[in-house]
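Chemist: please work out how this folds:
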Amino acid sequence: MWLATPLPALSVAVVFSRGEEAQAPEEESAAPLHMEHLAATEESAAPLHMEAPEEAQAAASEAPPRTNSFLFGCGLSAITRKVSFPGGGDDLREQLTLRTVSLGLGAPDVLHVLEVLGETQEGTIRVPVATLRPSLLTSVYLGGLELTPPVTFWLTAGTGPLYISGQHLVAITESEAAAKALVEREAAAAKASAERLAAAKAPVEREAAASKAAAKREAAAKRKAAFKASAKRKAASKSSAERLAAAKAPVEREAAASKAAAKREAAAKRKAAFKALAKREAAASKA
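Modeler: The predicted structure is shown next:
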C-alpha cells in the first residue's frame, strides 16, 4: 500500500570554523591584521555547497508517491449478486482497501457468504472473505484487506442486502502531480483564452446581429412598400377601367338603340313588302 509521506527537506549547512586567533585575549585582538591571517581564515571556512538543478529534480523524482484516498462502497442483493471494480487502468497505481462488510435491514436469517474474485500470477481466484448471519453476526471488520484492481465482489449465498465499505487509494508521484498540474494550468489558460476570445467576439457578434436585424427590417419595409405600390397601381388600373367603361356605356347604348331601330325598320319594310305582294296576288286573281 502506498502511504503519503512528506518530502525530505533540502537543508544547506554553512559552517564557519573559528581560528585560534578568535580565542586570543582582547589585547592581542588589537594587533594589526596581516594577510596570512586572512588567508588562514578563508581556508578554515567551510565551502558552501548547493545542489545542482539536475540533482534536485532527481531527488524530487525519487521522492515517495503521494496517495489520494477516496471512499469506496457497494451493495449486493438477490438482484445484484456481482459488482465489479475495474480500477482506473494499467497506468494507474492504485489499491482497494476493504474495511467493513455488514448486512442491511430486511436480510433473512440465513448465511450470507461474500467472495472476492481477483487476479494473480496464476490466474483468477475466488476467496471467501466474510460469512454473516443476522442472528449471529451482522457486521465484520476486515482490518484493511488490501486488493489490487480489477476485483469482483460476489454474494454466493444469501439474498442480502449486504454492504461493503473501504477506501480506494491512488498513488501519484511528484512528476505525475507536476504533469497533472501543468495540464490543469494549460487547460485553465486555454479556458481563459477562450473566454477572452469570446468576450472579444461578443461585440462583433452583437454588431453582426444588429446589422442582420436592420437588413431584415429594411427588406420587410421594401416588401411592404412594393406591395403598397402594386396595390396602388392595381387600384389606379381599376379606376381607369371603370372610367373607360363609363365612357363606353353611352356609345354602346346608342349603338344598341341604332341596331334596334334598324331591326324595327327592316321588319316594317318586310311587312310592307309582304302586304304589297298579297295585294297584287289578290288583284291578279280577280282579273
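Chemist: and the residue nearest to A157 when sequence neighbours are not counted, how many neighbours?
Modeler: For A157, ignoring the flanking residues on the chain, the nearest one in space by CB to CB, 6 or more residues apart in numbering is V113 at 4.0 Å. The C-beta positions use only the backbone N, C-alpha and C, and glycine is treated the same way. When neighbours are counted by other CB atoms under 10 Å, V113 registers 17.
Chemist: wait, is V113 part of a strand?
Modeler: Yes. V113: assigned to a strand according to DSSP: H, G, I helix; E, B strand; the rest coil.
Chemist: pLDDT wise, what is it at?
Modeler: Reported pLDDT at V113 in the predicted model: 94.
Chemist: right, and it touches V129 too?
Modeler: No. Counting by CB atoms under 8 Å, V113 stays clear of V129, with 9.2 Å between them.
Chemist: returning to what we had before: quick one: contacts for the residue nearest to A157?
Modeler: Neighbouring residues of V113 by CB atoms under 8 Å, 6 or more residues apart in numbering: P128, A130, T131, L155, T156, A157, G158.
Chemist: of those residues, closest to A200?
Modeler: L155 (58.7 Å; CB to CB).
Chemist: wasn't the closest one part of a strand?
Modeler: Yes. Remark: L155 belongs to a strand, assigned using three-state DSSP.
Chemist: neighbours around S165, how many?
Modeler: 15.
Chemist: please apply the same query to G166.
Modeler: 22.
Chemist: what helix or strand is it on?
Modeler: Using DSSP states H and E, G166 maps to strand 162-172.
Chemist: quick one, strands of the stretch 101-250 of the chain?
Modeler: Along the stretch 101-250 of the chain, counting by DSSP state E, counting those that start in this stretch, strands occupy 112-120, 123-132, 139-147, 151-157, 162-172.
Chemist: tell me how far the first one lies from the chain's centre.
Modeler: The one in question is strand 112-120. The chain centroid and the centroid of strand 112-120 are separated by 38 Å, computed with CA atoms, centre = their mean, to the nearest Å.
Chemist: with just CA atoms, put that strand into PDB.
Modeler: Only the C-alpha atoms of strand 112-120 are listed here, as PDB (Å, rounded to 0.1, in the frame of the first residue of the first chain):
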ATOM      1  CA  HIS A 112     -24.600 -14.800   3.600                       C
ATOM      2  CA  VAL A 113     -21.300 -15.500   2.000                       C
ATOM      3  CA  LEU A 114     -19.200 -12.900   0.300                       C
ATOM      4  CA  GLU A 115     -16.400 -14.000  -2.100                       C
ATOM      5  CA  VAL A 116     -13.800 -11.800  -3.900                       C
ATOM      6  CA  LEU A 117     -12.600 -12.700  -7.400                       C
ATOM      7  CA  GLY A 118      -9.200 -11.300  -8.100                       C
ATOM      8  CA  GLU A 119      -6.300 -11.700 -10.500                       C
ATOM      9  CA  THR A 120      -3.000 -13.400  -9.500                       C
END
